[in-house]
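**Student:** Kindly return the folded structure for what I paste below:
(chains A and B)
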2 protein chains.
Amino acid sequence: MTAAAPAPRTPRRRGRPSRTQTETGPATRDRILEAAREEFSERGYEKTSVRGIAKTAGVDSALVHHYFGTKEQVFEAAIEVAFAPALDAPAALEEGPLDGVGERLTRFILGIWENPATRTPLLAIVRSAVNNETAAAVFRRLVAAQLLRRIAGALDVPDGELRAELAAAQLVGIAMLRYVIKVEPLASADPEQIVRRVAPVVQAHLTGH
Amino acid sequence: MTAAAPAPRTPRRRGRPSRTQTETGPATRDRILEAAREEFSERGYEKTSVRGIAKTAGVDSALVHHYFGTKEQVFEAAIEVAFAPALDAPAALEEGPLDGVGERLTRFILGIWENPATRTPLLAIVRSAVNNETAAAVFRRLVAAQLLRRIAGALDVPDGELRAELAAAQLVGIAMLRYVIKVEPLASADPEQIVRRVAPVVQAHLTGH
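**Tutor:** Numbers count the residues shown, from 1 in each chain, chains lettered A, B, ... in the order given. Take a look at the predicted model:
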């Protein structure tokens, strides 16, 4: 692939100084990924372009394609970073007795949403996934394969995937009403009160009969 | 307000024939509302304009303003129509014993989402509300005031509003994962299986201790 070839010597009309054009390696990759998260957050999936990401990162579009491939693949990489905290959920489930799994998962997911640093990229992903089928497909693949199936695996019960999804639905709905739509009194409720009300439900979905 | 004044005699550059310009009354209002639902569904809140709605309805923009006011007010009117089926939920709750309220509400809401005729406008509203703060505020006002508070009223229990919202969160999350993101196996699960799993949870939120 020629994407990483030296930058053209012709004067450029856009982007940052061309010294950045010849940078490669992890630093550049991370800067592109950060730029992608910014662009997807601000514009959503549809309005974001690889050129826009490249410009924000101060690199040539070819370098974005070189590291990540298509816009869909850049989005998937950005989602994986934004989702990294949530992907530790299955580990959190295994850190204690099965009868406490509902509370641990509820606290874990609420913790991610309560922290603005992890909430913001999640919100951007949810917005994109709700509005664009390609983004939804990426979200679906990642959440289903990497999160829900691993939770189901950690549970090791019959129809664990459906159980994981019904539990996730309770937590997704709370995220929607509390953090996205901001319906009161839920939006201002004490997280501990939410945990008290929701943990038993999540537990029932995951391990109840 | 002069909005409903006779259409200008000068040639128009857009919209349908000017005979429609002088129409008023319920027929025109309904056509504008239908056009608004089409436009908001196809473009979402941000990309929809009063001019675009007027053009689709074949009327002058002034007539849209005359009947509905601002774009936000047109959106609220469109939401109210799309939400009309859901607004019968409180009535459904009162049609039986309190210990069956979870199943009745679950069946009622799932029924609305399972029916494409009622699902499509709901999806359009959810997409707009997730992506635009003005649309979210309208959604919030309507859902909180007209749906959740009425459910809480039907329950007549302490912190009924929070209970109604936690129950709604379970159903909203299922709508998100099953109908919007389409995560499997939930997206293809038998509705009766979902009712069996979810009704007890909704019941616990609404009336449990």
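**Student:** Every contact and neighbour count from this point should use C-alpha atoms.
**Tutor:** Fine.
**Student:** The worst-scoring helix or strand of chain A on mean pLDDT: what's the following helix or strand?
**Tutor:** When the helices and strands of chain A are scored by mean pLDDT, DSSP states H and E, helix A:89-94 comes last with a mean of 74. Where DSSP states H and E defines the elements, the next helix or strand beyond helix A:89-94 is helix A:101-114.
**Student:** what angle separates the next helix-or-strand element following that following helix from helix B:116-131?
**Tutor:** Once the chain leaves helix A:101-114, the next helix or strand it forms, by DSSP H and E, is helix A:116-131. With axes from the mean of the first three to the mean of the last three Cα atoms, to 10 degrees applied, the angle from helix A:116-131 to helix B:116-131 works out at 150 degrees.
**Student:** need the strands for chain A, in chain order.
**Tutor:** Counting by DSSP state E, chain A has no strands at all.
**Student:** Would you tell me which helix is longest in it?
**Tutor:** helix A:26-47 (DSSP state H).
**Student:** remind me which residues of chain A are low pLDDT?
**Tutor:** A:1-24, A:209 (pLDDT under 70).
**Student:** tell me which parts of it are close to chain B?
**Tutor:** A:127, A:129-131, A:136-137, A:139-140, A:144, A:161-162, A:165-166, A:168-174, A:176-177, A:180-186, A:197-198, A:201, A:205 (Cα under 8 Å from any Cα of the partner chain).
**Student:** try 7 Å
**Tutor:** A:127, A:129-131, A:136, A:140, A:144, A:162, A:165-166, A:169-170, A:172-174, A:177, A:180-181, A:183, A:185-186, A:201 (Cα under 7 Å from any Cα of the partner chain).
**Student:** could you check the angle helix B:116-131 makes with the longest helix of chain A?
**Tutor:** Going by the same axes, to 10 degrees, helix A:26-47 makes 130 degrees with helix B:116-131.
**Student:** Just the C-alpha atoms of helix A:26-47, please, in PDB.
**Tutor:** This file holds the C-alpha atoms of helix A:26-47, laid out as PDB (Å, rounded to 0.1, in the frame of the first residue of the first chain):
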ATOM      1  CA  PRO A  26       2.300   5.300  17.200                       C
ATOM      2  CA  ALA A  27       2.300   9.100  17.900                       C
ATOM      3  CA  THR A  28       0.800   9.900  14.600                       C
ATOM      4  CA  ARG A  29      -1.700   6.900  14.800                       C
ATOM      5  CA  ASP A  30      -2.800   8.200  18.300                       C
ATOM      6  CA  ARG A  31      -3.200  11.700  17.000                       C
ATOM      7  CA  ILE A  32      -5.400  10.500  14.100                       C
ATOM      8  CA  LEU A  33      -7.500   8.400  16.500                       C
ATOM      9  CA  GLU A  34      -7.900  11.400  18.800                       C
ATOM     10  CA  ALA A  35      -8.900  13.600  15.800                       C
ATOM     11  CA  ALA A  36     -11.300  10.900  14.700                       C
ATOM     12  CA  ARG A  37     -13.000  10.800  18.200                       C
ATOM     13  CA  GLU A  38     -13.200  14.600  18.100                       C
ATOM     14  CA  GLU A  39     -14.700  14.700  14.600                       C
ATOM     15  CA  PHE A  40     -17.200  11.900  15.200                       C
ATOM     16  CA  SER A  41     -18.200  13.500  18.600                       C
ATOM     17  CA  GLU A  42     -18.800  16.900  17.100                       C
ATOM     18  CA  ARG A  43     -20.300  16.000  13.700                       C
ATOM     19  CA  GLY A  44     -21.700  12.400  14.100                       C
ATOM     20  CA  TYR A  45     -20.900   9.600  11.800                       C
ATOM     21  CA  GLU A  46     -22.500  10.900   8.600                       C
ATOM     22  CA  LYS A  47     -21.000  14.400   8.600                       C
END
